[in-house]
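1. Okay, here's the prediction I keep looking at, along with the sequence it came from:
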Amino acid sequence: DVNEATRFATGGVAAAMAWSLLEPLDRRLFRYDYSDVAVLGKFFTRGRAWRPIGLALHAANGAAFGLAYREAKRRRGWSAFRLAMLEHLALYPLSALVDRRHPARGSEGIPKLVTPRAFAQASVRHAVFGALLGRLA
């Protein structure tokens, strides 16, 4: 139903925004300057608008993931945590494309991503996202 879909999509947006708020902390903790918001926003601009563009894209991704989680839960009984970790493991190899082709690679927030630290950061981010989405949806 529409209310359920809205709840899952909204939960995805909220979990994605929490992820964005935690990025500065995990960047200090891991001592690695990797930001998904920068990767998204700086794909379109290196001007001052990269951050709001990156946040909007991250929120949209969260909403889409929330809806995908709704289907995975309904059809397979999967948890949001499981789906988030599977998505991370399946898509992380695409980081090599970012390393080679991103127009802002090497700028603030976009270091080399095929590294153990970046993988660990992304793992923690996906785990937090999945756990929050599961609670919120």
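-> That came through fine.
2. from memory L83 sits against L67, does it?
-> No. L83 is beyond contact range of L67, at 11.5 Å (criterion: CB atoms under 8 Å). (C-beta placed from N, C-alpha, C; glycine too.)
3. These two: who's more crowded?
-> L83 (21 against 17; other CB atoms under 10 Å).
4. Send me the helix or strand harbouring that one as CSV with only the CA atoms.
-> For L83, the host element (DSSP states H and E) is helix 80-91. Taking Å, rounded to 0.1, in the frame of the first residue of the first chain, the C-alpha atoms of helix 80-91 are listed here in CSV:
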residue,chain,number,x,y,z
ALA,A,80,17.6,-4.3,5.7
PHE,A,81,21.1,-5.0,7.2
ARG,A,82,21.5,-8.1,5.0
LEU,A,83,20.4,-6.3,1.8
ALA,A,84,22.7,-3.3,2.6
MET,A,85,25.7,-5.5,3.1
LEU,A,86,24.9,-7.5,0.0
GLU,A,87,24.6,-4.3,-2.0
HIS,A,88,27.9,-3.1,-0.7
LEU,A,89,29.7,-6.4,-1.5
ALA,A,90,28.2,-6.5,-5.0
LEU,A,91,28.8,-2.9,-6.0
